[in-house]
Each structure stands twice: as C-alpha cells, then as structure tokens.
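Engineer: output the structure for:
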Amino acid sequence: MVATVPEQRKRWMKIGLGLVIGKFLPPHHGHKLLIDTATEQSARVVVIVCGKPCDLIPGERRAAWLRDIHPHAEVMLIDDRYDAQDSRVWAENTLRWLGGAPDAVFTSEDYGERYAALMGSRHVLVDQARRRVPVSGTAVRGDPFVHWDFLEPPVQGWFAQRVCVLGAESTGTTTLAEALAHRLGTVWVPEFGREYSARKAARNEVHWHTEEFTAIAREQARREDAAACAANRVLVCDTNAFATVIWHRRYLGTHSPAVAEIARQGRCDLYLLTGDEIPFAQDGLRDGEHIRHEMHGWFEAELAAQPVPWRLLRGPHAQRLAEALRAVQELFRASAWQPPSAVS
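Structural biologist: From the prediction side, this is the model:
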C-alpha cells in the first residue's frame, strides 16, 4: 500500500531515538501517555526503568509489565543507586547505557529540561500539570484501589486482594466462592482439582500419585495469576495450592514438599474456611464423607499455623456470605474505596 503524502511527511518528521526514564512504581496511565507519545513521535523508543532492591515492586516485574503494555518499546532495567537530584550523573550514565545520546527525552517533570540539555537532546514535556491523566505513582502507592482505573490489567493483578475459599469435601466452597465474586463484581477461579478429578474418573483411574497433585497445584496457581489481571480489586479463588497440600495428605497419607513449595510461592490475603456442619451432598465424584470432619480439622490446624488471616464460616449460605463480605471489608479498612456491604 502506498503511503499518502501526509503519512510520508509524518514518517520523515519522526524523531530518531526517543527516551523515557523513570521508576514506574507502579506503571500507570500517566506513564502510558508518556510512552505512547514517545512512540508516536519517535522511530525507536527506549524506556529505562530505575529499580532498587528495596522497592515495593521489584524492578524486574515493572520492566516485564512495561514490555507487555508497550511491545514496540525497548525496555531496559538499571540499578537506581544514583543521586536523584544530580542530573549530570544521570545524563552521563544514560549516555553510557544507550551508547550515545537520545534525540529526544520525554518527561512530565521539571528535571527533564536540564537532563536532556546535558545530553544535547531535545526535551518533550508531556502533561506536566496532570490534566489529561490526573494520577501519580505516589497517589497509586497510597491507595491503588481508589486509582484502580488508571492501572493496566497486569498492574491491577499485582494489587488485587486474593481471597481463597477452602474446606473439606461438600462444605459449600464453590457455592460461596461464586456468590462472593458476584457480590463483589469481580471474577473467581474455579477449582482445577475437581476438573482434573472428573477427567480421571472418566478414565476409571482410582489411584493417585504425587505428580498429579504437583500438576494440579501448578495449574491452579497459573489460572489464579491469569485471572488476577481481570479482577476488580478482589480475586476470589475456589481453593489454591495451600489446599492442594492437604488434599495430597487426604489421598496419599503423606506430606508433599513439592506441592508445599508451590503453595509457598503463591499468595493469599484472606482465607475463608467453610464449616462441615451442613449435610454431605453426593454429586457422583465425592468419596470423602467418612473423613470429612477429620479433614476439616486438618484445615483448621494448618490455617492456624500460617500467617495469613482466616475466618471459619458456619451456618446457612446467607450467613456465610454476609460474614465473608465483612471479612473482605477488613482487607480494605485503610482504603477510601470500600467493597459492597454485607447488608443487601
């Protein structure tokens, strides 16, 4: 396709190398505007992410997010150990990192003019007054849930509070998880182990192996991480790898260090344990009525021995749901944003 004259002129007028530099702690739509502007005006864009080991979010994670959000930009992570006020030091290091001077530096900060001039670069100031995108990294760190709509999905996934509903067989975990997600206006992650068990039963396989629980734990964690990016501040999980450790004990009678390691690497902000006082309901897959009460005790003991807050939910479904909503509200007590009340 032959480009029109205006399109050709736009290409000819593009800046060669555009640079965007910052902490991106975390990346937000203000940063996106900055990088998008650089991309529109430059033939090549380099984004430098400044990271320190003590940062709230690892630099590697922020760089990965930016590569995902801006696939056409080159993202470079550097060790941020320099005086933030010394533009000359930053300019000298930037020349070393890039192997030369950028044609233009895109910033929304006062330091940009001097920093660019020290490299002999043009400075492009973008939305310094924050009128187009009224947000800052400081504001997001202070209360990410209030500024939720200024964040891209992978960043939202990092901040989303993870609530896991777990319990022994036929104690209402799935019913509660789905209902809780509906009330919170968010997504939930079904239990992969049940899906796996159904396929196993269809093949008439009755014996379990540690490798199966390891695979279940990994896939549950993968699905959880993927779903977090679509969550509305809260992600509801119907079980997680922590629970898979207990299911391994249920079927194999032993502890699995491999499954426990997957659980250790996972994240949960609140556990909701469903009580076993309700009648056992057979659905064609369940086989643990004889051990349900004992298994419930295992859950209580393991939850009591770990640091994540948890609640035991008993009574009819409506009572459990109301108590679960109150527990979720506790997670947001420091935020100006609040989840739905337990009262309909």
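
Engineer: give me the neighbour count for G284.
Structural biologist: Per other C-beta atoms under 10 Å, the neighbour tally for G284 reads 7. In this view, the C-beta of every residue, glycine as well, is placed from N, C-alpha and C.

Engineer: are we agreed that it is in a strand?
Structural biologist: No - assessed with DSSP: H, G, I helix; E, B strand; the rest coil, G284 is coil; it does not lie in a strand.

Engineer: quick one, phi psi at it?
Structural biologist: With angles defined as degrees, to the nearest 10, G284 sits at phi 100, psi -20.

Engineer: just list the residues touching it, thanks.
Structural biologist: Listed by C-beta atoms under 8 Å, 6 or more residues apart in numbering, G284 has no contact partners.

Engineer: wait, L33 touches R132, no?
Structural biologist: Yes - the criterion here is C-beta atoms under 8 Å, and L33 meets it with R132 at 6.2 Å.

Engineer: of those two, which one has the most company?
Structural biologist: Shown here are L33 and R132; by other C-beta under 10 Å, L33 has more neighbours (17 against 11).

Engineer: just to be sure, that one is in a helix?
Structural biologist: Yes - assessed with three-state DSSP, L33 lies in a helix.

Engineer: in terms of helices and strands, where is the nearest residue to it once chain neighbours are set aside?
Structural biologist: Distance criterion C-beta to C-beta, 6 or more residues apart in numbering; nearest residue to L33, sequence neighbours excluded, is V133 at 5.3 Å. Per DSSP states H and E, V133 falls between elements, in no helix or strand.

Engineer: for stretch 254-270, give the mean pLDDT please.
Structural biologist: Mean pLDDT, computed over stretch 254-270, is 97.

Engineer: try stretch 237-246
Structural biologist: Regarding stretch 237-246, the rounded mean pLDDT is 98.

Engineer: what's the first-to-last distance across that stretch?
Structural biologist: By C-alpha to C-alpha, to the nearest Å, the extent of stretch 237-246 from end to end equals 16 Å.

Engineer: what do you get for stretch 94-104?
Structural biologist: 12 Å.

Engineer: contacting residues around it?
Structural biologist: Outside stretch 94-104, the residues that reach it (C-beta under 8 Å, 6+ apart) are 15-19, 21, 38, 41-42, 46, 48, 76, 78, 115-116, 119-124.

Engineer: how about it: buried residues?
Structural biologist: Neighbour counts using 16 or more other C-beta atoms under 10 Å place 94-95, 98, 101-104 of stretch 94-104 among the buried residues.

Engineer: how about a markdown table for the residues you listed, with pLDDT, distance to R194 and secondary structure added?
Structural biologist: Formatted as a markdown table, the buried residues of stretch 94-104 follow (pLDDT from 0 to 100; distance: C-beta to C-beta, whole Å; DSSP: H, G, I helix; E, B strand; the rest coil):
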| residue | pLDDT | distance to R194 | secondary structure |
| --- | --- | --- | --- |
| T94 | 96 | 53 | helix |
| L95 | 97 | 57 | helix |
| L98 | 97 | 52 | helix |
| A101 | 98 | 58 | coil |
| P102 | 98 | 54 | coil |
| D103 | 98 | 57 | coil |
| A104 | 98 | 55 | strand |
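
Engineer: what is the most widely separated pair among these?
Structural biologist: L95 and A104 (14.5 Å; C-beta to C-beta).

Engineer: which residues does the residue lying closest to G167 once chain neighbours are set aside bridge with?
Structural biologist: Closest residue to G167 apart from its sequence neighbours, by C-beta to C-beta, 6+ apart: T274 at 3.6 Å. Beta-bridge partners recorded for T274 (DSSP bridges): L313.

Engineer: test my guess that T274 contacts E169.
Structural biologist: No - with contact defined as C-beta under 8 Å, T274 does not count as touching E169 (10.5 Å).

Engineer: which one of the two has more residues nearby?
Structural biologist: Higher neighbour count among T274 and E169: T274, with 26 against 21, using other C-beta under 10 Å.

Engineer: and the helices in the stretch 151-300 of the chain?
Structural biologist: Along the stretch 151-300 of the chain, the segments classed as helices by DSSP state H, counting those that start in this stretch run 153-159, 173-184, 192-202, 210-228, 241-252, 257-265, 292-304.

Engineer: confidence-wise, which of the ones you listed is weakest overall?
Structural biologist: Here the lowest mean pLDDT among the helices of the stretch 151-300 of the chain goes to helix 192-202, at a mean of 93.

Engineer: distance of the closest residue to A263 other than its chain neighbours from F192?
Structural biologist: The shortest distance from A263 to any non-neighbouring residue, by C-beta to C-beta, 6+ apart, is to A241 (3.9 Å). Using C-beta to C-beta, to the nearest Å, A241 is found at 10 Å from F192.

Engineer: give me the domain ranges for this protein.
Structural biologist: 11-142, 160-331 (automatic domain parsing).

Engineer: out of the ones you listed, nearest to P340?
Structural biologist: domain 160-331 (5.6 Å).

Engineer: helix/strand/coil for V49?
Structural biologist: Classification of V49 using three-state DSSP returns strand.

Engineer: hey, where'd the helices end up in the stretch 1-150 of the chain?
Structural biologist: When secondary structure is read from DSSP H, counting those that start in this stretch, the stretch 1-150 of the chain shows helices at 5-12, 29-41, 59-69, 87-98, 111-118, 137-142.
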